[in-house]
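S.K.: Sequence first, predicted model second:
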Amino acid sequence: MLIASTTKLMTALLAAESGDVSRTVKIDPACTAVEGSSMYLVAGEEYTVNELLTGLMLSSGNDAALALAIAAAGSERAFVERMNERAGELGLKNTHFDNPHGLDSDGQVSTARDLALLMAAAVKDPAVSAVMGLKTARIHSLNYVNHNKLLWSCQGVCAGKTGYTKAAGRCLVSLCRRDGMELICVTLSDKDDWEDHRALYDWGYANFALYRLNGETASVSVPVIGRTLSKLTAIPERERIICLDKNGTLRTETFSAPFVFAPVGCGECAGEVFLWAGDTLLAREKLAFIKP
C-alpha cells in the first residue's frame, strides 16, 4: 500500500547512520521548493543534521527529507538507491521507495509488517529514537510540535511517525513501552488511527507478556564424579526473551547426562532445554555449566 510520510522512518535512519548528527548542512534552494508538509527551511542557511531530523520527524518536513538525502548521499537519486538497499538488508520484502519524503508515487509502497520491522530498526538508533520522542522543539526561532498525538494520549507510547496523503489515507507507525515490553503498531489508510492504536496496545498488553528462558526459569544439576563438589549447575547458554499469550500453558523439558567426570570446564555443554507451548516448540537452547 501507499505509505505517505511513514517513509521518513527510513530517511531518518539512513541520515543518522551517515555520520555525526551534529555536523552542519547548508540548505540547497531546491529543498525549499518541495511541496507538502514543511519545517520551513531557509535556503543558504545552515542546520545540523539533528535539527533536520527533528523537523523531519516532528513536522514531517518534506524539505528536511530532501536536505538530509542530499547531505547523506550527494543527490536524491543516490539516496533513494540506498533506501532500497537498506530495505533489503532489513528484510523488508514488500517495500520500495521512489523518494525520501513519501509523496505519492506508484513505486512508493510497503506493508504493515515491513514498516514494523523498519520501526524496530529505527528506534535502535539513539539519534532517531531521541527525536521521535520529542513532543516539541525550537529550531532557528521556529517552534515545532510533534504530529504524533499518541505521545500525549496513550500510556507508554514513546516513538512514532504519522503520514497522510489523499491517496494513501491516514498512516501511522508507533512504538509503546509498558511493563518492560515493547510493542509496535502499524495502521495504513485508517480513518480512526489514534483510537485504533490505543485499543490495540491495551489489548496487546492485556493478553501478552514476556517470558525469559534463563537460569532462573530453567536449570539442571548434574552429578560430577571425581571432584570435591558432588554436583554442578547448568543453565541456558543464552537468555531467550519470547512474547507469549498470557493464557497459554508453558512447559520446559531439560535433557542432560546422568553424570559427568571431572574436570568440567565452565561453559561446557551439559545438555539442552526445550520450551513448549502446547505442542509448539518455542525455543531450544544448549545448557552450559556455570561456575560453582
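M.R.: Arrived safely, thanks for sending. Numbering: from 1, shown residues only.
S.K.: in which helix or strand would I find Arg238?
M.R.: Counting by DSSP states H and E, no helix or strand carries Arg238.
S.K.: Dead centre of the protein: give me the residue that sits there.
M.R.: Ala120 (1.2 Å; Cα atoms, centre = their mean).
S.K.: pretty sure that one contacts Ile184?
M.R.: Yes - with contact defined as Cβ atoms under 8 Å, Ala120 reaches Ile184; the gap is 6.3 Å. (Glycine included, C-beta is placed from N, CA and C.)
S.K.: just checking, Ser129 touches Ala122?
M.R.: Yes - shown here, Ser129 and Ala122 form a contact pair, counting by Cβ under 8 Å, at 7.5 Å.
S.K.: Find residues that contact each of those two.
M.R.: Common contact partners of Ser129 and Ala122 (Cβ atoms under 8 Å, 6 or more residues apart in numbering): Ala159.
S.K.: If you count surrounding residues, which of these two has more?
M.R.: Remark: of Ser129 and Ala122, Ala122 carries more neighbours, 27 against 16, as counted by other Cβ atoms under 10 Å.
S.K.: where does the chain have low pLDDT?
M.R.: 227-229 (pLDDT under 70).
S.K.: ok, the residue of it positioned farthest from its centre to Pro263 distance?
M.R.: Within the chain, Gly226 marks the point farthest from the mean C-alpha position, 50.1 Å out by Cα atoms, centre = their mean. Shown here: Gly226 relative to Pro263, a distance of 8 Å by Cβ to Cβ, to the nearest Å.
S.K.: ditto for Ala116
M.R.: Taking Cβ to Cβ, one finds Ala116 at 48 Å from Pro263.
S.K.: for Ala121, same thing?
M.R.: 44 Å.
S.K.: Brilliant, that's me finished.
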